[in-house]
Every structure is written in structure tokens, then in C-alpha cells.
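Q: only geometry, no sequence info:
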């Protein structure tokens, strides 16, 4: 049976799981392999950046890639993944999102209107800060595409946010060396807290909406009226 780690020339290398897969990519492709792993992490959020990024730093510390290349390629990978998700959002489009929202239980088109208005005011900050929040770092690119955020703005804030997030973890892995997994342990707690807060937010939203729906005078007609009012407002 293969052990969890194998002895490398200058430290321990992961031999299984996501860490082993990422290590194999970096061994085969060098720094571009780290970039590819992070691009895939953006597209598939269950792949944890808190494993891949410190591992890239650890690999650089072993001399198998340069630190500058690790930072540059992981940031390029983040931007590439974000662009793919932006494209998905743009292909889906605002009209399809609104049509879907109108069919979802407990969701009103007015909720989407408020979200759009908020994103119009704070979209650049949302993209920048969202790159440093687990789960949302991938998802934030989709509404940016739906709303057709200006590409130069999207690229600028995505690159800045990604470079900052990546640098923290790549440099931590570089400094910690064989103890790079310490980063994963601490960030894992942060990631779980973010997911728990998001779940509580969804549950709270659903609870409030159910209570409101049970009040007299609440019904599909009210929903349609709110949507119609907004659409009329948009024509002025």
C-alpha cells in the first residue's frame, strides 16, 4: 500500500489525493503546472487553493521552480479560471437569470433587482475582495459576466485580488518548507466558517421569506406586481 508521503530529495512530497495530483502537475510542467491547478481550482471550488498554493511555495523552496514563476503562474491561472466563469455568466445572460429567478420558490425578481443595483455600485470591490473569500472567489465572476462588467475593470480587480491571495499562501509555503500543510490547517478553519455563515444566511433568508409568504395578502399576484413595477421604472 502506498504511504501518504514519499521521501524526496529535500523534504517530503505528497503522494496521494489532491496534493499528490498537484505535485505531479508541477513535476511534469513546472510553474505552468501550478497555474493549471489553480485555474481548475477556480472552475471546481472543491479543489482547495489552501493546498495547491502552499504546495507551489514548497516546490519553489526545493528549487524545482522559481518563486517568481510560482507567483506569476498561479496568478495567471486564477485570472484564466475567473475569465472562464465570467464567460459562462455572459452566455447565460441577464434575461435567463431573471426568468429563472421568477420560477424559484421563495425568490422574487425584486431580490435580483436589488442585487443588480448593489453590484452596479460595488461590483469592482466585490470582485477584488471576493477573490480572497473561499467559495465566493469563484462564484463572484459569474454575476460579473451576467452584468457584463467592463472587461478592463474585471481583469484589473481580479488580477489584484488573486495576486494578493496567492502571494500570501505561496510565500507561506515557501517559508514553512516541510511544514507547508500548517497553512491548510488554519485556512481550513476559515473556509469552514465562511461556508457555515453562507449556509446560515441562506437559511435565514428562507425563514424570513416563508414567514412573509404566510401573511395575508402575500401571493403570486404580489410577486408579479413588484416585477411589473420595476420593469415600468426601467422604461423611464
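A: Structure received. Quantities reported herein were computed from a predicted structural model and do not represent experimental measurements.
Q: what's the helix of greatest length in the chain packed up against?
A: In the chain, taking DSSP state H as the definition, the longest helix is helix 67-103. Helix 67-103 is packed against helix 31-43, helix 49-61, helix 109-130, helix 136-139, helix 141-146, helix 151-176, with contacts defined by 3 or more CB pairs under 8 Å, 6 or more residues apart in numbering; DSSP states H and E. For every residue, glycine as well, the C-beta is placed using N, CA and C.
Q: could you redo the last one with a cut-off of 6 Å?
A: Other elements packing on helix 67-103 under the criterion 3 or more CB pairs under 6 Å, 6 or more residues apart in numbering; DSSP states H and E are helix 31-43, helix 49-61, helix 109-130, helix 141-146, helix 151-176.
Q: now residue 174: how far from residue 86?
A: Between residue 174 and residue 86 the computed distance is 30 Å (CB to CB, to the nearest Å).
Q: ok, these two, which is more surrounded?
A: Taking other CB atoms under 10 Å, residue 174 and residue 86 do not tie; residue 86 has more neighbours (24 against 20).
Q: Chain neighbours aside, what residue packs nearest to the more buried one?
A: Sequence neighbours aside, residue 145 is the residue nearest to residue 86 in space, at 3.9 Å (criterion: CB to CB, 6 or more residues apart in numbering).
Q: about what we covered before: now render the helices and strands packed on helix 67-103 as a markdown table, adding mean pLDDT.
A: Output for the helices and strands packed on helix 67-103, formatted as a markdown table (pLDDT from 0 to 100):
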| stretch | mean pLDDT |
| --- | --- |
| helix 31-43 | 90 |
| helix 49-61 | 85 |
| helix 109-130 | 79 |
| helix 141-146 | 88 |
| helix 151-176 | 91 |
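Q: Looking at those helices, spot the one closest to residue 20.
A: Among those, the nearest to residue 20 by CB to CB is helix 49-61 (9.8 Å).
Q: coming back round to it: which one of the helices and strands packed on helix 67-103 lies closest to residue 81?
A: helix 31-43 (2.5 Å).
Q: Please tell me how far the closest residue to residue 169 other than its chain neighbours sits from residue 92.
A: Leaving aside its chain neighbours, residue 169 sits nearest to residue 53 (3.5 Å; criterion: CB to CB, 6+ apart). Taking CB to CB as the measure, residue 53 falls 29 Å from residue 92.
Q: With neighbour numbers in mind, choose between the two.
A: The neighbour comparison of residue 53 against residue 92 (other CB under 10 Å) goes to residue 53, with 32 against 14.
Q: now the more buried one: how far from residue 83?
A: 19 Å.
Q: now do residue 20
A: When residue 20 is compared with residue 83 (using CB to CB), they lie 28 Å apart.
Q: what's near enough to touch residue 165?
A: Going by CB atoms under 6 Å, 6 or more residues apart in numbering, residue 165 touches 131-132.
Q: before we move on, back to that, isn't the residue nearest to residue 86 right next to residue 83, touching?
A: No. Contact criterion CB atoms under 6 Å: residue 145 and residue 83 do not qualify, at 9.0 Å.
Q: Comparing those two, which residue is more hemmed in?
A: The residue with more neighbours, out of residue 145 and residue 83, is residue 145; 21 against 18, by other CB under 10 Å.
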